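In: generate a structure from the sequence data that follows.
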Amino acid sequence: MNWDKLAFDYVKCNTMVCSFNKGDGWSPLESRTNDKYEITLMSGSLHYAIEIFEGLKAYNGRDGKTRIFRPGENAVRMIRSAEFLGMPPVPEDMFTEAVTRAVAENREFIPPYESGASMYIRPFMISTNPQLTLELGKEFMFVVAVTPTGNFTGTSFNPTKALLVRDHDRAAPLGTGSYKIGANYAASMLAGVQAKKEGYPSILYLDSKEKKYIDEFSSSNFFAIRDNSYITPDSPSILPSITNKSLREIALQMGMTVEHRPVPVEELATFDEAGACGTALVITPVHEIYDRERDIRYNIGSPVRVGDKSRALYKHLTGIQFGEIEDCFGWCRIL
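Out: Numbers count the residues shown, from 1 in each chain. Below you'll find the predicted structure:
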């Protein structure tokens, strides 16, 4: 496999780890070599989006060990999503065991150290029973799939551009926005395709209630640097990013001030650096944000050089993930 040429796409591996729940609790974990599974076309997951998922990564380190980054945080977030959709939560210890097992059984698909790639881990749960009535699901399937992946945007760690939109909302303030549910991502796909046609790899959304505050990008959180402050939005419709949470903790350790608060869109003109952060991205610096409706172009930092603070945060986080920096936080599960 050409590790240097990996895209952010699916590559079939050896096994997936599964469990089933028909109303009487989760079955013992089992490994399946077939990545196809038959469900009824009347499944609630297909008709009513009764589906949740997570995303995390495993890395081959400089010391030859494999590190899974913060699986417990993903387990807790998935429990929260399940409870919101009335699905049976997967216990944290079972989630972590399934993730660890999936990584171990597919270890040869983890890209080598210094390849710039990693193993993406996709736990998900779907409703499998047939239903026409709009009601909670009754039978469920929990799966952990893995695949080797490259960078999500294809831009590597280079500054990119984003389009700020006001005529499209990603999620409602008190709706599903803060949960990792497939429907949230489907809602932003068309706008994202249009933005790419206009030369913008990503979209920045404002709060859907007042259109005054920055929310997040299509599939990642927003952060900015001003002087020695790490600034990121606090909003009820934002997914609580584990990467963003980690960057905030690292920023504090680096002696920075962390501001987790509503961020008025006008503040874009005051930032020294800005970027998108998430599991798939880690950090993608953003040097230009264009407000199409108001024809305002915010230039933030250099279009060719990553800002010093963003670079330091990126190097520290990826250093922990690849075993180059001591994990003083105890974030990684080591195999």
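
In: for the stretch 1-150 of the chain, just list every one of the strands.
Out: Ranges of strands within the stretch 1-150 of the chain are 16-21, 30-32, 51-53, 56-60, 66-69, 118-127, 140-149, based on DSSP state E, counting those that start in this stretch.

In: to residue 335, which of those strands lies closest?
Out: strand 66-69 (4.2 Å; C-beta to C-beta). C-betas here are computed from N, CA, C, even on glycine.

In: could you list the paired strands of that closest one along with their orientation?
Out: Next to strand 66-69 in the sheet, as set by DSSP bridges, lie strand 56-60 (antiparallel), strand 332-334 (antiparallel).

In: columns distance to residue 4 and mean neighbour count on top of those, output as TSV?
Out: Listed next are these as TSV, based on distance: least, C-beta to C-beta, whole Å; neighbours: other C-beta atoms under 10 Å:
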stretch	distance to residue 4	mean neighbour count
strand 56-60	14	24
strand 332-334	24	16
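
In: same list, those strands, but as CSV with mean pLDDT and distance to residue 190 please.
Out: Listed next are the strands paired with strand 66-69 as CSV, based on pLDDT from 0 to 100; distance: least, C-beta to C-beta, whole Å:
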stretch, mean pLDDT, distance to residue 190
strand 56-60, 97, 27
strand 332-334, 97, 37
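
In: quick one: which of the ones you listed is nearest residue 36?
Out: Of those, nearest to residue 36 by C-beta to C-beta is strand 56-60, at 23.7 Å.

In: check the offset of that closest one from the chain's centre.
Out: 13 Å (C-alpha atoms, centre = their mean, to the nearest Å).

In: any idea of the angle that strand forms with strand 140-149?
Out: 40 degrees (axes from the mean of the first three to the mean of the last three C-alpha atoms, to 10 degrees).

In: send me strand 56-60 as CSV with only the CA atoms.
Out: Provided in CSV are the C-alpha atoms of strand 56-60 (Å, rounded to 0.1, in the frame of the first residue of the first chain):
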residue,chain,number,x,y,z
LEU,A,56,-11.3,8.7,16.4
LYS,A,57,-7.8,7.6,15.3
ALA,A,58,-5.0,5.2,16.0
TYR,A,59,-1.3,6.1,15.3
ASN,A,60,1.9,4.1,15.0
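
In: I'd like the strands of the stretch 1-150 of the chain laid out as a markdown table, including distance to residue 232.
Out: A markdown table is the format used below for the strands of the stretch 1-150 of the chain (distance: least, C-beta to C-beta, whole Å):
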| stretch | distance to residue 232 |
| --- | --- |
| strand 16-21 | 33 |
| strand 30-32 | 38 |
| strand 51-53 | 23 |
| strand 56-60 | 20 |
| strand 66-69 | 19 |
| strand 118-127 | 23 |
| strand 140-149 | 25 |
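
In: got CSV for the strands paired with strand 66-69, with distance to residue 2 too?
Out: CSV is the format used below for those (distance: least, C-beta to C-beta, whole Å):
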stretch, distance to residue 2
strand 56-60, 16
strand 332-334, 27
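
In: where exactly do the helices run in this structure?
Out: 44-47, 71-84, 92-105, 182-186, 189-197, 242-253, 308-321 (DSSP state H).

In: of all these, which one is nearest residue 11?
Out: helix 92-105 (14.0 Å).

In: I figured residue 47 hits residue 129, correct?
Out: No. Using C-beta atoms under 8 Å, residue 47 is not in contact with residue 129; the gap is 11.2 Å.

In: more neighbours: these two, which one.
Out: residue 129 (17 against 14; other C-beta atoms under 10 Å).

In: quick one: contacts for the more buried one?
Out: Going by C-beta atoms under 8 Å, 6 or more residues apart in numbering, residue 129 touches 40, 43-44, 137-139.

In: mind listing what's buried in stretch 99-114?
Out: By 16 or more other C-beta atoms under 10 Å, the buried positions in stretch 99-114 come out as 99-103, 105-106, 109-111, 113.

In: quick one: low-confidence parts of the protein?
Out: For the chain, applying pLDDT under 70 flags the ranges 151-156.

In: including distance to residue 178 and neighbour count, could the contacts of residue 129 go into a markdown table?
Out: Below are the contacts of residue 129 laid out as a markdown table (distance: C-beta to C-beta, whole Å; neighbours: other C-beta atoms under 10 Å):
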| residue | distance to residue 178 | neighbour count |
| --- | --- | --- |
| 40 | 30 | 13 |
| 43 | 25 | 20 |
| 44 | 22 | 26 |
| 137 | 21 | 23 |
| 138 | 26 | 14 |
| 139 | 26 | 19 |
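
In: right, and the helices of the chain - which one's nearest residue 120?
Out: It's helix 92-105; of these, that one is closest to residue 120 (C-beta to C-beta) at 10.8 Å.

In: what does that closest one contact?
Out: By C-beta under 8 Å, 6+ apart, the residues outside helix 92-105 that reach it are 14-17, 19, 26, 29, 31, 56, 58, 66, 68, 71-72, 74-76, 78-79, 90, 110, 119, 121, 123, 142, 144-146, 333, 335.
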